[in-house]
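>>> Coordinates for the following, if possible.
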Amino acid sequence: MRFEKQTKEHLRVYLTANELSLRGIAIDTIVGETGQELWRELLETAEAEYGFTPQGAVDLNVTMFPRDGIVIDVQKVGALEPEADQEQVEIRLTIDVIHHLIYQFEDIEDVIDASVNLYPHMHATDHGGALYHYDGHYYLHFAEVLNPQVEERLAAILSEYGKTTTVSPYMMLEYGKTIQSVQAVKELYDTFA
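Numbering: from 1, shown residues only. Down below sits the predicted model:
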């Protein structure tokens, strides 16, 4: 579990798929008892290590990437009613499941090498991937929901040349540079193979 302090009132927490698996947490169990244990552990760690004292209401906005893990934004949103128990913390949970592949590459040569190997599988995708440059890195993003076997094949190839990332495609669209919005793999293959 990795914490990043965004502001005094906002923490971002990252858990990998492996960490979730070790805790016995899946998409369908995160709101159950195992999820409750995770939220408790998260808030206790936030208080002990970051001075983030939850009082009143706390928003937990969970973004799940089924292959990669979850990102949890923890924000204090206000105090409870004056007559309420001061030890009580109201947790408001929002869960968003993102089904896409997004991989980060150190340089364009890695993207080209990956694209050469990905190209034979592009017939099984609708958009053929998008290519972005953001914060000194390149990103290949497949936004559509893919057939599980195709997704596994693409992820295996992508992981040979790049690594998974928790950078949101929305962040790249807003602050990065869109190099190719559709058919990026085909374009790279046609140009460099």
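>>> where does the chain have low pLDDT?
Judged by pLDDT under 70, the chain has its weakly predicted residues at 28, 79-87.
>>> Would you map the helices across the protein?
Using DSSP state H, the helices of the chain run over 17-22, 33-50, 108-118, 148-161, 169-175, 184-192.
>>> With distance to residue 61 as new columns, can these be given to me in TSV?
No exception for glycine: its C-beta is placed from N, CA and C like everyone else's. Compiled in TSV, the helices of the chain are given as follows (distance: least, C-beta to C-beta, whole Å):
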stretch	distance to residue 61
helix 17-22	17
helix 33-50	12
helix 108-118	31
helix 148-161	25
helix 169-175	14
helix 184-192	29
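>>> export those to TSV and tack on mean neighbour count and distance to residue 6?
TSV is the format used below for the helices of the chain (neighbours: other C-beta atoms under 10 Å; distance: least, C-beta to C-beta, whole Å):
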stretch	mean neighbour count	distance to residue 6
helix 17-22	14	20
helix 33-50	15	11
helix 108-118	20	30
helix 148-161	16	28
helix 169-175	14	13
helix 184-192	18	31
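>>> what's the closest of those helices to residue 92?
Closest of the helices of the chain to residue 92 is helix 33-50, at 11.1 Å (criterion: C-beta to C-beta).
>>> what sits up against that closest one?
Under the criterion C-beta atoms under 8 Å, 6 or more residues apart in numbering, residues 1, 3, 5, 11, 13, 23-25, 29-30, 52-54, 58, 60, 72, 74, 89, 91, 93 lie in contact with helix 33-50.
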